[in-house]
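Student: Only the shape, not the letters, is given here:
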Ligand SMILES: O=C(O)CCC(=O)C(=O)O
Ligand SMILES: [Fe+2]
């Protein structure tokens, strides 16, 4: 691929941030901080405080992403998975509630044009071959964004709707 391929596709053109405030919960086992999901961004950069609670799904097990002072967490998002035809897989994650401590995190989502429009995306053609046929069909940004919002954070991937 040419070195400016992702830039020319506007993959990092849009940025939005979500600041999370998780109050303590006396019965953390009865609830969840953020439900199981993968981000619909291209790439997410996450700053978390020292409380912990972020977990990533690895080989069907939830694994703690323990806070490292000064470190940022980089998550691959669904959009990267789609355009690379599963060469890079988006990270499934969730956040547990904490019994006694307040947790704060800041997630920066790098994405395409923020306004859902009619631009068509799909697996990058140069990555496809007979051995590596497309897994996903082409889609518009509007379709992509609407599909994600409609599904909600319920642990299922909206990528399955775009599978061929
Ligand atoms: O609070 C966190 O550490 C993660 C939040 C998150 O997954 C998200 O905003 O997509
Ligand atoms: Fe997330």
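Tutor: In hand now; what should we look at? These numbers were taken from a predicted model, which means no experiment stands behind them. Ligands and ions are numbered 1, 2, ... in the order given.
Student: where exactly do the helices run in this structure?
Tutor: Under the criterion DSSP state H, helices of the chain are mapped to 5-8, 78-83, 141-151.
Student: Now render these as CSV, adding distance to ligand 1.
Tutor: From N, CA and C alone the C-beta is placed, and that goes for glycine too. Formatted as CSV, these follow (distance: least, Cβ to the nearest ligand atom, whole Å):
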stretch, distance to ligand 1
helix 5-8, 21
helix 78-83, 11
helix 141-151, 11
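Student: Turn those helices into a markdown table, including mean neighbour count and mean pLDDT.
Tutor: Listed next are the helices of the chain as a markdown table, based on neighbours: other Cβ atoms under 10 Å; pLDDT from 0 to 100:
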| stretch | mean neighbour count | mean pLDDT |
| --- | --- | --- |
| helix 5-8 | 12 | 93 |
| helix 78-83 | 23 | 96 |
| helix 141-151 | 16 | 80 |
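Student: Would you mind listing what in this protein touches ligand 1?
Tutor: The chain comes close to ligand 1 at residues 18, 20, 34, 39, 46, 48, 54, 93, 95, 105, 107, as judged by Cβ under 6 Å from any ligand atom.
Student: Now with 5 Å, please.
Tutor: 18, 20, 34, 48, 54, 95, 105, 107 (Cβ under 5 Å from any ligand atom).
Student: so which of those comes closest to residue 115?
Tutor: Using Cβ to Cβ, residue 18 comes nearest to residue 115 of the residues of the chain next to ligand 1, at 17.7 Å.
Student: Next one: the closest residue in space to the closest one that isn't next to it in sequence from residue 94, what distance?
Tutor: Excluding its sequence neighbours, the residue lying closest to residue 18 (Cβ to Cβ, 6 or more residues apart in numbering) is residue 107, at 4.9 Å. For residue 107, the distance to residue 94 (Cβ to Cβ, to the nearest Å) stands at 13 Å.
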